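Student: Give me coordinates for this.
(one chain, ligands or ions: 1)
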Amino acid sequence: MIEIKNLSVKYKSNDKDFLALDRINITIENGDICAVIGPSGCGKSTLLYVLSGVIKDYEGSVLIDGNPINPSLHRIGLVMQNYGLLPWKSVYYNAIAGSKIKDGKDNIDRMYVDYILKKLGLNKFAHRHPGELSGGQRQRIAIARAFILKPSLLLMDEPFSALDEIIREEMQDLFLKIWFENRVSTLFITHSIDEALYIGKKIAILSPSPGRVKEIYVNPLFGKKDLRLNEDYYKFSIELRKKVRESWLR
Ligand SMILES: Nc1ncnc2c1ncn2[C@@H]1O[C@H](COP(=O)(O)OP(=O)(O)OP(=O)(O)O)[C@@H](O)[C@H]1O
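Tutor: Numbers count the residues shown, from 1 in each chain. Sure, this is the predicted structure:
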């Protein structure tokens, strides 16, 4: 279980403290997926920096199964907006990079690597370099790398935002397919209400800066098949839009 308890983060700016996050409380049960949605500047990236260990100076606590989060001990998978790939390395190397650092070259589960690459349709490109692939294919490498790490926490920062609509929908479906096989505890940031509703089991709605949790919306549609063809998806999308609008205006 991931527990974010009373998390506050301040930045120092011109010798003054700037409160970026204010007493954030979010719990992610094992095998849950939580979307975080909030207006620009509300502190979403700051939250991700704390969870990934970049920011260490904060108030409150962040626990993984009861222990303070520690990126050198815990396995944390990251899928960033720009994918964070090594352009001079092959697709295969990029996909195993996280696991190689964590476990050492000889301890990589090669069968699992092959399985994930195949599942994501990357096996035929394994020897190419990222620059020789499309945006959607690069995105798949970043997702492959995160799953191959077998993380206890998966963090994603607007993972599908750089893709055009049809590829984005394909990627969201592919991601969910693999996610349901692994059910890794996941927190992801999105600007898209529809994406939050499509992928998130819980949706944490943040206020404008300083970011506070306005509501944790439990998605009644999570895990339903063929959601985009389901009328309820549009009904709940309107409901969630209203909630988000209220939270952002207040
Ligand atoms: N290093 C810093 N020093 C001072 N203030 C900072 C620093 N980094 C971020 N901030 C401020 O903290 C607040 C939160 O920033 P953050 O990048 O976490 O927001 P965000 O919700 O991810 O924004 P966006 O959606 O636009 O990417 C913003 O007001 C930002 O200006």
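Student: Pick out the residue closest to the middle of the chain.
Tutor: Nearest residue to the geometric centre of the chain (CA atoms, centre = their mean): residue 156, 2.2 Å.
Student: From what I see, residue 94 and residue 146 are in contact.
Tutor: No: contact criterion CB atoms under 8 Å: residue 94 and residue 146 do not qualify, at 11.3 Å. (Glycine included, C-beta is placed from N, CA and C.)
Student: Quick check: closest non-adjacent residue to residue 33.
Tutor: In space, residue 33 comes closest to residue 186 once its chain neighbours are excluded; the distance is 4.2 Å by CB to CB, 6 or more residues apart in numbering.
Student: separation between that neighbour and the ligand?
Tutor: 18 Å (CB to the nearest ligand atom, to the nearest Å).
Student: got the contact list for that residue?
Tutor: 28, 32, 33, 34, 153, 154, 155, 156, 179 (CB atoms under 8 Å, 6 or more residues apart in numbering).
Student: quick one: pLDDT of the fifth one?
Tutor: Confidence per residue is given as pLDDT, and for residue 153 that number is 93.
Student: Before we go further, the residue nearest to the centre of the chain is sitting in a helix, right?
Tutor: No: with DSSP: H, G, I helix; E, B strand; the rest coil as the criterion, residue 156 is assigned strand and is not in a helix.
Student: wait, what's in contact with residue 187?
Tutor: 2, 26, 28, 33, 34, 36, 48, 51, 153, 154, 155, 156.
Student: what residues are up against the second one?
Tutor: This means residue 26. Contacts of residue 26 (CB under 8 Å, 6+ apart): 2, 4, 34, 36, 187, 202, 204, 213, 216.
Student: is the last one in a bridge, and if so with what?
Tutor: Pointing back at residue 216 there. Beta-bridge partners for residue 216, by DSSP bridges, are residue 204.
Student: Local confidence estimate at it?
Tutor: The model's pLDDT for residue 216 equals 95.
Student: cool, the third one as well?
Tutor: The per-residue pLDDT reported for residue 34 equals 97.
Student: Just confirm it is within a strand.
Tutor: Yes: with three-state DSSP as the criterion, residue 34 is part of a strand.
Student: correct me, but it touches residue 205?
Tutor: No: using CB under 8 Å, residue 34 makes no contact with residue 205, being 11.3 Å away.
Student: Distance of the closest residue to residue 247 other than its chain neighbours relative to the ligand?
Tutor: Setting aside the residues directly before and after it, residue 247 is nearest to residue 214 in space (CB to CB, 6+ apart), at 3.8 Å. The spacing between residue 214 and the ligand, counted by CB to the nearest ligand atom, is 14 Å.
Student: Please apply the same query to residue 199.
Tutor: 18 Å.
Student: now do residue 189
Tutor: Taking CB to the nearest ligand atom, one finds residue 189 at 7 Å from the ligand.
Student: Could you do residue 103 as well?
Tutor: 31 Å.
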